[in-house]
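**Student:** have a look; sequence and predicted model below, questions after that.
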Amino acid sequence: MKRFYLENLGCSKNTGDGEVAISSLIDRGYHWTQNPDEADIIILNTCGFIEAAVQESLDRLLDLAEYKESGQATKLVMMGCLSQRYKEVLESELPEVDAFVGTGYLKEMADVLESNERFFFDKRDTLILSGKRPPLHLPSSYLKIAEGCDNHCTYCLIPSLRGPMRSRRVDDITEEARKALLQGAKELILIAQDVSRFGRDRGETLEELLRALNALPGKFWIRLQYVYSDILTRSFFETMATCEKVVPYLDMPIQHVSDKVLKRMNRTTTQNEIRQVISWARELVPNIALRTTVMVGFPGETQEDFEELMHFLEENPFERLGAFMYSDEEGAPSRRLDGKVSQSIKQQRYDELMQAQTDRAEALSDSLVGTLQEVLVEEQGIEGVYARTKWDAPEVDCVVFVKNTQVEAGTFLQVRITGSDGLDLTGVIDESSE
């Protein structure tokens, strides 16, 4: 039996793709190992969104190529966004790679491995996913509800890498969620390039999907990631509030707030509209945590634009925030824009923004000390377990270390927060809740 190892880089959408590919291989009789030392076949699921991600993918690919060069593995496969983006130049640059697989092949991975062909780039439907999923990230299960994107932000390559927006059906997603819960999932994370536009191409809505998932039996969380603010309505937040399994958390990348910069980014929103969406969220969803992503150094961003962003974030603080410096990507329309910002100024703005956000986030963590919180256990440690609150998504947000307890991943605990260490928290099981 062939053993394969698959490693995901990049965002949680890539993680979801990796799970589908793994499932398809298991269904065809391949044995999945989480240790590359044991694998006959090594597959790297790459990210090609920005230059830093490209370099990380290439560096890791060369690391994994050593298993093939030593004779330990017999085949090396590169899949995902980077493979799709640079398909014309890969053959000569990476002779150690046996197969290059674009974003359209997931369920067909066994066919790829059993073929003598080297390139697999034609578009295929990746939306009808296997109901059998490997327990990669239990207690969380990533449900990809759509593929592709229609937004065409000027800095972004996703539409060219993954095609136009294609939504899955509510019934299809609900059935996959049901199976994931039977396999032990305690958190359903809805992912897409743009979750907010789910169903518009099929005559369905995100609100319908939330209600359908919320109606499934059992104790579990539902979390939304990558929601664009430009089409969110008051009704959406009312639905969030009435679906008790939907956690009060929203990942809503705004990128900027200067109307001038937003227009150059081709973001179809304005600062006032972003303010309105934040206002609805705070008003209608009690204790909601908002996560966002912002970009500094976009072409034409002046010091005044940056200060406008900083003032906005001070006035409208996000509980969770990530930032990145603009990267002049080959093939992105923004590369043709004038007003390029120097690397030193981008770095200065990034450092200033992240320091301010760190101060806000640490103050929030400090404010939770002494409170009672429900947490979901992710993994066991030596002297306790690592868990998350409802305000924290896997891998990108904060963790709670619960001391002096050993319980299985997927267990919900009532925890008294006893301390904070930077952004992360420590706690103990609350005896009064046992």
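**Tutor:** Looks like it came in fine. Just so it is clear, the structure is predicted and the values come from calculations on it, not from any experiment. Numbering: from 1, shown residues only.
**Student:** burial measure for Phe298, as a count.
**Tutor:** By the criterion of other CB atoms under 10 Å, Phe298 has 25 neighbours. All C-beta atoms are positioned from the backbone trio N, CA, C, and that covers glycine.
**Student:** one more: Lys186?
**Tutor:** Residues within reach of Lys186, counting by other CB under 10 Å, total 21.
**Student:** now do the phi/psi pair for Gly102.
**Tutor:** phi -80, psi -170 (degrees, to the nearest 10).
**Student:** do I have it right that it meets Glu108?
**Tutor:** No. Here Gly102 does not reach Glu108: they are 11.1 Å apart, not a contact under CB atoms under 8 Å.
**Student:** these two: which has the busier surroundings?
**Tutor:** For the pair Gly102 and Glu108, the greater number of neighbours falls to Gly102 (21 against 17), based on other CB under 10 Å.
**Student:** what does the model give the closest residue to Glu69 other than its chain neighbours for pLDDT?
**Tutor:** Distance criterion CB to CB, 6 or more residues apart in numbering; nearest residue to Glu69, sequence neighbours excluded, is Glu96 at 7.1 Å. Predicted confidence (pLDDT) at Glu96: the value is 83.
**Student:** burial of Glu96, as a residue count?
**Tutor:** By other CB under 10 Å, 13 other residues sit near Glu96.
**Student:** which SSE is it in?
**Tutor:** Per DSSP states H and E, Glu96 falls between elements, in no helix or strand.
**Student:** list the contacts of it.
**Tutor:** Listed by CB atoms under 8 Å, 6 or more residues apart in numbering, the contact partners of Glu96 are Ala65, Lys68, Glu69, Leu76.
**Student:** ok, those residues vs Val54, which is closest?
**Tutor:** Nearest to Val54 among those is Ala65, at 16.5 Å by CB to CB.
**Student:** mind listing what's buried along whichever strand or helix holds the closest one?
**Tutor:** Here Ala65, judged by DSSP H and E, is contained in helix 51-69. Within helix 51-69, the residues that qualify as buried are Ala53, Val54, Glu56, Ser57, Leu58, Leu61, Leu64, Ala65, Tyr67, Lys68, counting by 16 or more other CB atoms under 10 Å.
**Student:** kindly report the same for stretch 173-181.
**Tutor:** Here stretch 173-181 shows Ile173, Thr174, Glu176, Ala177, Ala180, Leu181 as buried, counting by 16+ other CB under 10 Å.
**Student:** tell me the mean pLDDT for it?
**Tutor:** Stretch 173-181 carries an average pLDDT of 93.
**Student:** could I have the CA atoms of it written out in CSV?
**Tutor:** Below are the C-alpha coordinates for stretch 173-181, written out as CSV (Å, rounded to 0.1, in the frame of the first residue of the first chain):
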residue,chain,number,x,y,z
ILE,A,173,-23.0,21.6,2.8
THR,A,174,-25.5,20.6,5.5
GLU,A,175,-25.0,16.9,4.7
GLU,A,176,-21.2,17.3,4.8
ALA,A,177,-21.6,19.1,8.2
ARG,A,178,-23.7,16.3,9.5
LYS,A,179,-21.1,13.7,8.6
ALA,A,180,-18.3,15.8,10.1
LEU,A,181,-20.2,16.1,13.4
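**Student:** number the chain from 32, please
**Tutor:** I'll keep to 32 as the first residue from here, and by that count the last item is stretch 204-212.
**Student:** re the thing from before, looking at the buried residues of stretch 204-212, spot the one nearest Lys434.
**Tutor:** Nearest to Lys434 among these: Leu212, at 29.3 Å, using CB to CB.
**Student:** just confirm that closest one contacts Phe251, I think it does.
**Tutor:** Yes. In terms of CB under 8 Å, Leu212 counts as a neighbour of Phe251; the distance is 6.2 Å.
**Student:** what touches both of the two?
**Tutor:** Common neighbours of Leu212 and Phe251 are listed as Leu219 (criterion: CB under 8 Å, 6+ apart).
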